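Enquirer: Coordinates only, no sequence provided:
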């Protein structure tokens, strides 16, 4: 039994299943702060102490025991699939990563060669047709998810329901799933249900957008990137995300959810 992508405070007050591109940097820093009264100095994804992570072998027994007994408040956070995939494109494909290199080495050259995309030159700052390149990237994302070629799907664009299901399938149960689009309300509910060693004032917490500035600025409204074919591809790969997390598939311009998340439905459909 494993819980990949799961973080837990050292005080075991809360357990969080990370979903990439869904405010995970901010959530991780809040968890760290709630134990230590200070933020981690750097990208929370790089922290090797102060926060239990499944990727740390020494953290696994504590996480496994806690999830099995369901003694900590367990939660995760989701985001509109349209804006999430766009964020992945501008950050991971067009952007230079914090190590000064392109994401995943030869990934961008492969995309340029096989799918004809542009990324704004060597530093991602040159002008290029963002809409055309994004639509070609979306075709690539579909190919990786549907046929696992020309490579395995990446965590930043694989479906949220896939990330979230591993926690359920291996015996966990979520107490809360909230939306990035109403982050303060959702995080306040999590904090209100947990007893943290250090008080957290959400109003004063900065947003830790670690991907900001990696790539070119998005020049157009979200809906301009999605034509009929793009929406067909989105339905093919993210339909379950739209249904379970109550986002508006028919209107890419509407980033807000159109219903309430039904936790029983999520556990029933993702626990197979």
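Expert: Cool, the structure landed. Remember, predicted model here, so these are calculated numbers, not experimental data.
Enquirer: Pop out the phi and psi values for residue 17.
Expert: phi -90, psi 110 (degrees, to the nearest 10).
Enquirer: which residues does it contact?
Expert: Contact partners of residue 17, counting by C-beta atoms under 8 Å, 6 or more residues apart in numbering, are 3, 5, 6, 74, 75, 76, 163, 164, 166, 167, 172, 174. For the C-beta atoms, the positions are set from N, CA and C on the backbone; glycine is no exception.
Enquirer: try residue 246
Expert: Residue 246 sits in contact with 257, 258, 259, 260, 261, where contact means C-beta under 8 Å, 6+ apart.
Enquirer: Assumed the third one was part of a strand.
Expert: No - secondary structure assignment places residue 259 outside any strand; it is coil (DSSP: H, G, I helix; E, B strand; the rest coil).
Enquirer: Look up how far residue 247 lies from it.
Expert: 9 Å (C-beta to C-beta, to the nearest Å).
Enquirer: Give the ChimeraX command for selecting the buried subset of the contacts of residue 246.
Expert: This is the ChimeraX syntax for the buried subset of the contacts of residue 246, where burial follows 16 or more other C-beta atoms under 10 Å:
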select :257,261
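Enquirer: ok, so of the contacts of residue 246, who is nearest residue 159?
Expert: residue 261 (15.5 Å; C-beta to C-beta).
Enquirer: OK, contacts around the closest residue to the closest one other than its chain neighbours?
Expert: Closest residue in space to residue 261, ignoring its immediate chain neighbours: residue 177 at 5.2 Å, by C-beta to C-beta, 6 or more residues apart in numbering. Taking C-beta under 8 Å, 6+ apart, we find residue 177 in contact with 75, 76, 77, 78, 164, 245, 261, 263, 266.
Enquirer: Just the buried ones out of those residues, please.
Expert: By 16+ other C-beta under 10 Å, these give 75, 76, 77, 78, 164, 245, 261, 266 as buried.
Enquirer: now, which of those lie within helices?
Expert: The helices, defined by DSSP state H, take in 164, 245, 266 from the buried ones among the contacts of residue 177.
Enquirer: In this structure the first one contacts residue 270, no?
Expert: Yes - A contact is recorded between residue 164 and residue 270 when judged using C-beta atoms under 8 Å, the distance being 6.1 Å.
Enquirer: which residues are in contact with the longest strand out of those in the chain?
Expert: Ranked by residue count and defined by DSSP state E, the top strand of the chain is strand 73-78. Contacts with strand 73-78, where a contact means C-beta under 8 Å, 6+ apart, come from 13-19, 22-24, 27, 67, 160, 163-164, 167, 172-180, 183, 186, 190, 193-194, 241, 245, 261.
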